[in-house]
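Colleague: Quick one: sequence and predicted model below, then my questions.
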Amino acid sequence: MLADPVKLSFPNFRLLWTSLVGRIGSNDLLLFAVLFPIAVRTIPEILAGPWPLGTDTVWIYAPFLNGVSKQGLWPPLEGILSIRSAPLFFVLVGTVEALVGADPFLLIKAAAPLLHGFLVFSMFYFAKKGLRWDRSRCILVVVLASLYFIPLRFSWDMYKNGFGLGLLILAFTHFKPDRTWKDRVAFLSFAVSSLLTSELTAFLIGGAAGILFLLDRLRGKRWSWEIAAAAAIALFAVLVYAGALFPAAPAETPLAALARGPLFPYDYVGARDGIYGYTSILDVYASVCVVSAIVLAPLIPFAWLGVHYERRLWALSGILGVCSFSVLVVPFAAIPIWHRWLFMLVFPLIFFNAHGLTRCRRSIAVLFLVGIVVLGTSFIVLPPGNPLPYFTNPETLPHLPSSMMQSTVPLENCQQIVDALRWLNGIPFNQSVLVAPTPFVGWAQLYSTIPRIYGYVIPAQVDGGNFSGYQHVFLLYWAPQQGWYASQAMPTGMVPIHLSGQIAIYQRSAGI
């Protein structure tokens, strides 16, 4: 007898999913939640070879670890504390570096998959213990969090933010209606660890804890000391990070000061700090709408289907939604870093999405997961020179890379930067200073022997700077008309003196 042609051309997805869930038993589910995201995130590190992935990796974390390897933990950590940055993540990775003495890039390449695994595990833990979901929905949470491109974006270089978010999710796992004394202590411990890890999660904990505290009071429930304590500590931490308490002293530098407005409220239209470059309100609206559509569109349909009342998810979603879209209401006086809040909004949506997928036909759910796999795989493996078109919109590129296969520059240019700096190291110039735009300053700090290295955001900082105490002013940047060269990022009077592939060393002309 011939098989049913409908069944041959369209497999029985219900049996396929049931078989998959059945194979992942209760004992294996924990291993799956940890090892699957680690395996996924290891792939780009292997493809990248010895070179790092991510902008902040080269700009912030690798120079910090390099400083630890040369000076010990305290001097670099003192620098982190002096700018009022959340210190816990630096303490942890700095301690590991001090103990093992590994190459900074190697340590970060090993840590990135583990951090991705930790973040995904925290979401699994919330689904399993906090929401008490069944295996099917827990597996969906792990798969979505491992492969969706926004969690992967966090693992690319947003290490502090991702680690802090994982700790926050663990904290709210223990904020259950029937919580015990151990749950209360666990909640406060994870919450404090999170707010010491990331400035953004400190604000998020304070806001969400405040909402939950008010909801309890409005319902006449017993006063929750742990949620009040978390909100109070978070408020103090936010005031410190924002500089309202114990403001940081300005760093000594020959560069001209960068014109900055107040951190809060933040003027997106008038911002000149290198993060945003909007010239009009229409630019703001266009950017927010396009980026929001690309980031949220794949999740919203099933998230809408899976919406249910879960006050922790609603509190987090509400705070993140306000922080993401206040810029549309008052772009001249809004909450700063709107795109970071938008990225974090994805995480509660993943829970709603997983719940929604279990309410629809299995065939539709599997097709959706296939689309997530295509997006995630493309984001992981395709080179930035040939990315998936979905990730190439000019509005998203300042915040979301077209591919994970790059650091501050394409991977093929990394060795060229090292070679250029090694050439400069061999030139016996005295009283020299090296300047570099943000994408290059981390490389300079890692490979240059010039003692004075300064990174600039806009070239006006160099043009208006005071370099009278130096005989030679060098610049590390793209060679003219090569790579991602942009004339608007070049200080005036710079003349190329050495080329290394697409990378150049420039020297400032005499008399400037």
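Modeller: It's in. Numbers count the residues shown, from 1 in each chain.

Colleague: hey, where'd the helices end up in the stretch 201-350 of the chain?
Modeller: Counting by DSSP state H, counting those that start in this stretch, the stretch 201-350 of the chain has helices at residues 225-241, 281-296, 300-305, 311-329, 338-357.

Colleague: okay, those in JSON lines with mean pLDDT, distance to A110 and mean neighbour count next?
Modeller: For glycine as for every other residue, the C-beta is placed from the backbone atoms N, C-alpha and C. Compiled in JSON lines, the helices of the stretch 201-350 of the chain are given as follows (pLDDT from 0 to 100; distance: least, Cβ to Cβ, whole Å; neighbours: other Cβ atoms under 10 Å):
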{"stretch": "helix 225-241", "mean pLDDT": "94", "distance to A110": "28", "mean neighbour count": "19"}
{"stretch": "helix 281-296", "mean pLDDT": "96", "distance to A110": "28", "mean neighbour count": "17"}
{"stretch": "helix 300-305", "mean pLDDT": "96", "distance to A110": "34", "mean neighbour count": "17"}
{"stretch": "helix 311-329", "mean pLDDT": "95", "distance to A110": "30", "mean neighbour count": "19"}
{"stretch": "helix 338-357", "mean pLDDT": "98", "distance to A110": "24", "mean neighbour count": "24"}
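
Colleague: quick one: which of the ones you listed is nearest F429?
Modeller: The closest of the helices of the stretch 201-350 of the chain to F429 is helix 225-241. By Cβ to Cβ, the value is 39.1 Å.

Colleague: Low-confidence regions, this structure specifically.
Modeller: Along the chain, the parts satisfying pLDDT under 70 run over 1-27, 510-512.

Colleague: Now the phi/psi pair for the residue nearest to the spatial centre of it, please.
Modeller: Compute the mean C-alpha point of the chain, and by Cα atoms, centre = their mean the closest residue is M158, 2.4 Å away. Main-chain dihedrals, M158, degrees, to the nearest 10: phi -90, psi 60.

Colleague: Ok, which of the helices of the stretch 201-350 of the chain comes nearest P50?
Modeller: Once those are compared by Cβ to Cβ, helix 338-357 is nearest, at 28.3 Å.

Colleague: Run the chain-centre distance for that closest one.
Modeller: Its chain's C-alpha centre lies 15 Å from the corresponding centre of helix 338-357 when counted by Cα atoms, centre = their mean, to the nearest Å.

Colleague: send the alpha carbons of that helix over as PDB?
Modeller: Provided in PDB are the C-alpha atoms of helix 338-357 (Å, rounded to 0.1, in the frame of the first residue of the first chain):
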ATOM      1  CA  TRP A 338      17.200  53.300  24.600                       C
ATOM      2  CA  HIS A 339      18.500  50.500  22.400                       C
ATOM      3  CA  ARG A 340      20.000  48.600  25.400                       C
ATOM      4  CA  TRP A 341      16.600  48.600  27.100                       C
ATOM      5  CA  LEU A 342      15.000  47.400  23.900                       C
ATOM      6  CA  PHE A 343      17.500  44.500  23.700                       C
ATOM      7  CA  MET A 344      16.700  43.500  27.300                       C
ATOM      8  CA  LEU A 345      12.900  43.600  26.500                       C
ATOM      9  CA  VAL A 346      13.500  40.600  24.300                       C
ATOM     10  CA  PHE A 347      14.100  38.300  27.400                       C
ATOM     11  CA  PRO A 348      10.600  38.500  29.000                       C
ATOM     12  CA  LEU A 349       9.200  38.300  25.500                       C
ATOM     13  CA  ILE A 350      11.000  35.000  25.000                       C
ATOM     14  CA  PHE A 351       9.000  33.500  27.900                       C
ATOM     15  CA  PHE A 352       5.700  34.800  26.500                       C
ATOM     16  CA  ASN A 353       6.800  33.500  23.100                       C
ATOM     17  CA  ALA A 354       7.600  30.000  24.400                       C
ATOM     18  CA  HIS A 355       4.200  29.900  26.100                       C
ATOM     19  CA  GLY A 356       2.500  31.000  22.900                       C
ATOM     20  CA  LEU A 357       4.200  28.400  20.800                       C
END
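
Colleague: Whichever helix or strand comes after it packs against which elements?
Modeller: Remark: after helix 338-357, the chain's next helix or strand is helix 362-381, criterion DSSP states H and E. Contacts defined by 3 or more Cβ pairs under 8 Å, 6 or more residues apart in numbering; DSSP states H and E place helix 362-381 against helix 13-23, helix 26-48, helix 135-147, helix 149-157, helix 338-357.

Colleague: a markdown table please, covering those helices and showing distance to L77.
Modeller: Converted to a markdown table, the helices and strands packed on helix 362-381 look like this (distance: least, Cβ to Cβ, whole Å):
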| stretch | distance to L77 |
| --- | --- |
| helix 13-23 | 46 |
| helix 26-48 | 26 |
| helix 135-147 | 31 |
| helix 149-157 | 20 |
| helix 338-357 | 24 |
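
Colleague: Contacts made by stretch 210-229 with the rest, please.
Modeller: Residues outside stretch 210-229 that contact it (Cβ atoms under 8 Å, 6 or more residues apart in numbering): F175, R184, V185, F187, L188, A209, A231, R311, R312, A315, G318, I319.

Colleague: tally of neighbours for the closest residue to the residue nearest to the centre of the chain other than its chain neighbours?
Modeller: Spatial nearest neighbour of M158, chain neighbours left out: D56 (6.9 Å); criterion: Cβ to Cβ, 6 or more residues apart in numbering. The tally of other residues near D56 (other Cβ atoms under 10 Å) stands at 18.

Colleague: hang on, isn't D56 packed against S155?
Modeller: No. Counting by Cβ atoms under 8 Å, D56 sits too far from S155 to count as a contact (11.6 Å).

Colleague: any shared contact partners between the two?
Modeller: Residues touching both D56 and S155 (Cβ under 8 Å, 6+ apart): none.

Colleague: tell me the strands in the stretch 401-512 of the chain, going along the chain?
Modeller: Along the stretch 401-512 of the chain, counting by DSSP state E, counting those that start in this stretch, strands occupy 432-437, 453-456, 472-478, 494-500, 503-508.
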